[in-house]
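Asks: Sequence first, predicted model second:
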Amino acid sequence: MYSMWLTAQEQQVWRMYLTVTSLLQTAMHRQLQQDCELSLADYDVLVALSERGPLRINELGETLGWEQSRLSHQLRRMRGRGLLERRDSGDDRRGASVSLTDGGLAALQTAAPGHAELVRSAVFDGLPPEQLAVFGEVLESMLQRLRR
């Protein structure tokens, strides 16, 4: 049976995790805004579409782990800026898909080098291969529990 509270060690690790994720999100957002005027949400959508090609909107939402309302607003803003296009599938609104435009691909190509460098320097530099493997295993375990 679990205690109602975290142990001292769990609390320390949890607080560090929250601080790291907050600082990393802020750094990524700042880098993307400075380099190419994209938000982190813009970048997440562009990456998902570049890796998987055109996606039905519900599939994109599942890929990103976003709720429908957040995704709808994000896609509307990105369409307005010419980063992606939406194609309807006849009368079935569930069949609508989105894909990158040339402008979206260009924005991603501008953003990616600086983003990769930031992530590498903040997360991966200095991690020996065995720690990287364990880090990956921990994250995979967390993802599996959260997806249940």
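Replies: Everything's here; your move. Residues are numbered from 1 along each chain as shown.
Asks: ok, the residue most central in space within the chain - contacts?
Replies: The chain has D44 as the residue nearest its centroid, 4.2 Å off, counting by C-alpha atoms, centre = their mean. Listed by C-beta atoms under 8 Å, 6 or more residues apart in numbering, the contact partners of D44 are L64. All C-beta atoms are positioned from the backbone trio N, CA, C, and that covers glycine.
Asks: Name the residues of whatever helix or strand it lives in that are buried.
Replies: Counting by DSSP states H and E, the element that carries D44 is helix 40-52. Residues of helix 40-52 classed as buried under the neighbour-count rule (16 or more other C-beta atoms under 10 Å) are 40-49.
Asks: Pick the one among those residues closest to G104.
Replies: Nearest to G104 among the buried residues of helix 40-52, counting by C-beta to C-beta, is L46 at 5.6 Å.
Asks: The closest one and V20, how far apart?
Replies: 24 Å (C-beta to C-beta, to the nearest Å).
Asks: for this structure, longest helix please?
Replies: Ranked by number of residues, the top helix in the chain under DSSP state H is helix 8-36.
Asks: remind me which residues of the chain are low pLDDT?
Replies: 1-2, 90-94 (pLDDT under 70).
Asks: can I get the buried residues of helix 40-52 in TSV with distance to R81?
Replies: Shown next, in TSV, are these (distance: C-beta to C-beta, whole Å):
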residue	distance to R81
L40	15
A41	12
D42	8
Y43	13
D44	15
V45	11
L46	11
V47	16
A48	17
L49	14
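Asks: Out of the residues you listed, which comes closest to P128?
Replies: The closest of the buried residues of helix 40-52 to P128 turns out to be V47 (C-beta to C-beta; 27.0 Å).
Asks: Apart from its chain neighbours, what residue comes closest to that closest one?
Replies: Nearest non-adjacent residue to V47, counting by C-beta to C-beta, 6 or more residues apart in numbering: L108, 6.9 Å away.
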